[in-house]
Every structure is written in structure tokens, then in C-alpha cells.
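# Curious how this folds, go ahead:
(one chain, ligands or ions: 1)
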Amino acid sequence: MAETTRLISDRSARRIAVIAMHTSPTASLGQNANGGLNVYVREICAAFSERGIATDVFTRRGPTDPAMEFLASNSCVIYLPAGRDLDKYSLYDQVPAFANQVLGFAEREGSYDMLFSHYWLSGEVACLLRPQMPAGWAHIAHTLGLVKNRTLAEGAHAEPALRIRVEGEISRQADLLIASTGEEATDLVQGYGADPERVVVVPPGVDLSVFQPIDREEARRKIGYGPGRLLLFVGRLERLKGVEVAIRALALLRDRAHDDVRLLVLGEDSKDGDESEMERLKAIATAAAVRDRVDFLGSVAHHELPYFYSAADVCVMPSYSESFGLVGLEAQACGRPVVGSGVTGLRSVVRDEVSGYLIDSHDPATYAERIGRLLDNPELAQQMGRRGRLLAQRFSWTRTADRLEDLFDGVVERAQVRVQAGARQE
Ligand code: UDP
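This next block holds a predicted model:
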């Protein structure tokens, strides 16, 4: 292990410790907490690896994880034993022990130029590490508790004061805060007291070579569907994703002679206490008399998704909050129109009336009306899909990594000046 990491650092321009305590970049996507954050970490580490920047990703060890494995040639995942089955709030108590293990690793294997923390729990790990490491620190929240609490779905649990307090601490201490959208940057400054000089908007990306339009017939054959119109939902099954709105819209569409339409739901339960969102959604589909029209297909591997997007007529995203909404970007990259909620994250990806429809409510009738418009007018759907592909071409992980690399260079330089000034004072 020691030899492997030394080899990596020798070849590398920079060494970055990526803290992803909450969820692992190697976890299968669409279940529990595994979604956009995991895709982000994987893609950025792969892009950094290509340009000779080494990343060690620190995450929790699951029952079948090794001690470490490669994510890319210049990127390792280090699995640390910590709070295996705990929920995110109980995991908070494990933060000091997790931070100590990262510190021990860095002392044994070589120090880092940068800490790059993901989500509030990892941000707290970085808060503890920073005074003990001469590294710069960039943080990305992925979601913010204050923002989530503003638009909670009915019956959803509010994010606790602990999370909001920790997010505030991180926002005031990190050298650099990466926001995915301008609105998130404003929330960091106005909601959490971050210094605007340290907040930078860097949109995430999409792999356009993987997410591209595939012939509809071929895509349907591949996923085992024939003719008939298909709506698609992709994501972790939790209340904030609003899947029930899509189910109720399907029931309304069916009443209006769209009786061949099916809804494919990709993703697994994201546990919130003991409640299963999938079971709740199945009950809603049964009560709305469309259970036979909704297929719950579980998690699907990321690289298989282009077939699902390309097979679908419309991708539906009725989320109550999205800090970005990679699914909308991926659907557009595959040339499919998106009907989703007008939350800020989706607004930065989907253009209302151009590449789909954005709806400022969770009214199933409005969803049914917009979806119906696209189903009844395949030419319009195709046109919106083509425009969506063009919009998606503005985003790429290479571009995201370029921007992060530049920003990190500045942070590392400032951290070095700080360390030298500290040494002169001693
Ligand atoms: N995803 C996947 N398989 C699934 C469900 C989701 O690969 O079965 C991926 C999806 O393609 C997207 C990510 O998980 O890249 C979800 O990201 P998004 O930003 O849409 O939502 P988040 O999880 O961040 O709330």
C-alpha cells in the first residue's frame, strides 16, 4: 500500500484528499444516499487522474469493501472502518474518529496539498483536519439543509438544526466553496454567512460520450420494452424526488385516452427511518388504479442509463428540491425532453418551453397536461430533445475539472503562503 501511494504521488502534480465519509464513489447508484454526489466524485477523480492530479478518496468501509482500490490510474479509494450501519445524523458522532484515521493515513503515506470535502459530514471532517494539515480546503455541499427545508414534500422530515449549524461552520471556514448554481452561491452567502469572495459557481458535467441519443427501437429492445409510450423517472427513491406526482399524473393521462402509457421508475429506496418510499409509491399507484402501468425496476448501472433515457418519450422530475439535477442533464444529453419542477437546480439545466417544461407546483394535473402535450406531438418532443442535447453540450466533466484545477491552484498557493507566514512567526 505504502509503495503504491508513493508511486502515485511521485507521478503527480498534486495530491488531493477527497473526503466522502457519507457515501462511497464505488457504491451502486440510485439507492440510499448514492446519487449525484457519487457520480461527481467518480467523474472528477477520473478527470483529475488524466491530468496527473492524484486523489485519495476517503470513505466508510462496507461489509464487502477491501482496504483500498483504484478508481482510476491516479485515484485510490481508501475504505476506513467507521459507523457502518448508522444513519447520517448518528454518523456525526463518528466524525472525529474518521478524521483521525485520515490524519494517520496522511502521516504514514505523505501529506496532501488540498482537502476536497463533499456534503456536510465530510465538511466537518475537513474542519477537524485543517488545523493539523498545511493543506488548502475546498468544500462542495451537494445539498443544503436550509434549502431543503424551504420546500419540504408533505410528510418529509425537516433537516435538523445540527446539520444547519455544521453547514454554517463549514461555509465560514473553508478556503473555497464550490456552488453548482448561482442560487446555491447566494444561499451560501445570505443563508450561511459565507464570504462571497470564497464562493465560486462551477456547474457539474455529463459524459457526452456515454450519454448520447440511441435509436429508440434499439434502446427499447435492449431494455426489454416494445411499442407504447414510456415516461421515465430516475433517482433515489425519497420523498423530495416527488415520484408520487408522476404516478398521479399517469393516472390522469390514462383517464384522457393515453392508456398505453407506462411509467418506469429507476432507483431504490433511500431509507428515511423505517419507511420504504417504494412501498408508499406502490400503494399510491394501486390507489390511483395504475399499479399495472408503473414498473419499479430498481437501481440501474449508470452506463446502462442511456438506453433507458433513449427508450423513453419523456423524463419526469417532479422534485421538491434539486441542487443541480444530473438526471435532467443526462436525459437532455440523450435527446429527451424533461418535464420537471421549477426548482433552482433544474432551472440551470432545463429550459422551460425549449428543452421541456418546468412547473412551479406539484399539481399532477399540470404535469399530465404538459406530458400529454409532448406525447400527442412527437415532433415537438423530438425538437425539444434536440435542443436539450445542444444545451447539454455546454456541460462536461472535463470543463468542470479544468475550472476546479485552476481554483485549487490558487487555494494551494494561498495555503502555502499561510504556512510560511506561520513558520516565520514561530
Ligand atoms: N443513478 C443511476 N442509477 C439509478 C438511479 C440514479 O446511475 O438507478 C444516477 C443518475 O444517473 C444520476 C445520479 O444517480 O447521475 C443522481 O443524481 P441527481 O443529481 O439527479 O440526484 P441526487 O442523487 O444528487 O439527488
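# In terms of secondary structure, what does whichever helix or strand Val412 is part of contact?
Per DSSP states H and E: Val412 is located in helix 397-425. Helix 397-425 makes packing contacts with strand 14-19, helix 36-50, strand 114-118, strand 136-140, strand 176-179 when contacts are defined by 3 or more C-beta pairs under 8 Å, 6 or more residues apart in numbering; DSSP states H and E. All C-beta spots, glycine's among them, are computed from the backbone N, C-alpha and C.
# from these, which stretch is densest packed?
strand 114-118 (a mean of 27; mean count of other C-beta atoms under 10 Å).
# Sheet partners, orientation included, of that one?
strand 14-19 (parallel), strand 136-140 (parallel) (DSSP bridges).
# can you redo those strands as a markdown table with distance to Ser49 and mean pLDDT?
A markdown table is the format used below for these (distance: least, C-beta to C-beta, whole Å; pLDDT from 0 to 100):
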| stretch | distance to Ser49 | mean pLDDT |
| --- | --- | --- |
| strand 14-19 | 11 | 95 |
| strand 136-140 | 18 | 97 |
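# show me what contacts Gln202?
Gln isn't right for residue 202; it's Val. For Val202, the contacting residues are Ile178, Ala179, Ser180, Thr400, Arg403, Leu404, Leu407, by C-beta atoms under 8 Å, 6 or more residues apart in numbering.
# Turn these into CSV, columns for distance to the ligand.
Shown next, in CSV, are the contacts of Val202 (distance: C-beta to the nearest ligand atom, whole Å):
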residue, distance to the ligand
Ile178, 14
Ala179, 14
Ser180, 9
Thr400, 13
Arg403, 18
Leu404, 17
Leu407, 21
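# Which single residue of the stretch 51-200 of the chain approaches the ligand most closely?
His142 (6.4 Å; C-beta to the nearest ligand atom).
# Just give the closest residue to that residue, not the sequence neighbours.
Residue nearest to His142 in three dimensions, not counting chain neighbours: Leu37, with 4.7 Å by C-beta to C-beta, 6 or more residues apart in numbering.
# Could you do Pro66 as well?
Tyr79 (6.7 Å).
# swap in Trp397?
Gly205 (3.7 Å).
# any idea which element that neighbour lies in?
Here Gly205 is assigned to no helix or strand, by DSSP H and E.
# got the contact list for it?
Gly205 is in contact with Glu43, Leu329, Phe395, Ser396, Trp397, Thr398, Arg399, Thr400, counting by C-beta under 8 Å, 6+ apart.
# And it, how far from Glu405?
Using C-beta to C-beta, to the nearest Å, we find Gly205 at a distance of 14 Å from Glu405.
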